[in-house]
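Engineer: okay, here's the prediction I keep looking at, along with the sequence it came from:
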Amino acid sequence: MTKTLLITDDAVIIREMIKDIAVAAGWQVVGEAGDGRTAIERYAELRPTACTLDMVMPEYDGLHALRGIRQIDPEAKVVVVSALDQKKVLLEAFRAGASDFLVKPFDKASLVETLNQLA
């Protein structure tokens, strides 16, 4: 089965970094989004195996996008990838249905391990 990924981050460089790591680990990146609104739309369209999601973005923030994605698919596998290392944000993300959480900057091995556990 092909492992597909939607990458959501407002920083192009972070999206490219995640894409390079994921592709090298055997994932197919099926889409990208630079804001929360687009993340929800792309998730509904693409139905990826997993999705990465930044917390601080324009349009809708990561928590709003996470809730929207989980309404579309209650079983969605969403990894929050954020520079915010705050317990409150982490707790809210897990309550909203996040599957896992990585703090930026993250290392390649952590990202690959997290994605593969979700697949």
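Structural biologist: Arrived safely, thanks for sending.

Engineer: when you work out contacts or count neighbours from here on, use the C-alpha atoms and nothing else.
Structural biologist: Fine.

Engineer: spatially central residue for the protein, please.
Structural biologist: Taking C-alpha atoms, centre = their mean as the criterion, Thr52 is the residue nearest the geometric centre of the chain, at 1.2 Å.

Engineer: show me what the helix or strand where that residue lies is packed against.
Structural biologist: Here Thr52 sits within strand 50-53, counting by DSSP states H and E. The elements that strand 50-53 packs onto, with contact taken as 3 or more C-alpha pairs under 8 Å, 6 or more residues apart in numbering; DSSP states H and E, are strand 4-8, strand 78-82.

Engineer: for these, which one sits closest to Leu46?
Structural biologist: Counting by C-alpha to C-alpha, Leu46 lies closest to strand 4-8 out of those; the figure is 8.1 Å.

Engineer: between the following helix or strand past the closest one and strand 4-8, how many degrees?
Structural biologist: Remark: after strand 4-8, the chain's next helix or strand is helix 12-24, criterion DSSP H and E. Interaxial angle of helix 12-24 relative to strand 4-8 (axes from the mean of the first three to the mean of the last three C-alpha atoms, to 10 degrees): 170 degrees.

Engineer: good, wrapping up.
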